[in-house]
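Student: No letters, just coordinates:
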């Protein structure tokens, strides 16, 4: 993979994710763009490289391993903090329940949640969240569309010490 150019903004900010593709992007690339500061086109290139895809297809349906590998390419680590997959869906905490619990407000958290029959990635930092439903814009969780979404897994993202 070629050397990555500098991101368009520092990653510690809560600036909107940049969708430079001219089309709808999916949750994995949006979450990664919001963390790293790189535009979605660059994020999708990294994911396609990891998939060994020669075609410039739209990146949909990313798994935790692909998100983790893409973050590593940009100098981040992703650690599983909680897994609720062993509980029945109705017994899993909602995003709103989880927001009431103590956590590091300075860290990025990627949450795998249920959205209908599909899985969905959302990004939470402090009391704000970002995903495809907000079109990459940060919004307060209380105003966001996922308060009642059931959480499957919670990952904490940090800048890699080696980076």
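Tutor: Happy to help now that I have it. Being a predicted model, the structure only gives us computed values, none of them experimental. Numbers count the residues shown, from 1 in each chain.

Student: hey, which helix is longest across the chain?
Tutor: helix 40-51 (DSSP state H).

Student: From the chain's centroid, how far away is that helix?
Tutor: 14 Å (C-alpha atoms, centre = their mean, to the nearest Å).

Student: Can you name the element that comes right after it?
Tutor: Next in sequence after helix 40-51, counting helices and strands by DSSP states H and E, comes helix 64-73.

Student: The most centrally placed residue in the chain: which element?
Tutor: What sits nearest the mean C-alpha location of the chain, by C-alpha atoms, centre = their mean, is residue 31, with 3.0 Å. Per DSSP H and E: residue 31 is located in helix 27-36.

Student: got the angle between that helix and helix 64-73?
Tutor: 30 degrees (axes from the mean of the first three to the mean of the last three C-alpha atoms, to 10 degrees).

Student: Residues in contact with helix 27-36: which ones?
Tutor: 7, 11, 16-19, 25, 38-40, 43-44, 47, 59, 61-62, 66-67, 70-71, 74, 76, 108, 110, 120-123, 130-132, 136, 138, 157 (C-beta atoms under 8 Å, 6 or more residues apart in numbering). In this view, the C-beta of every residue, glycine as well, is placed from N, C-alpha and C.
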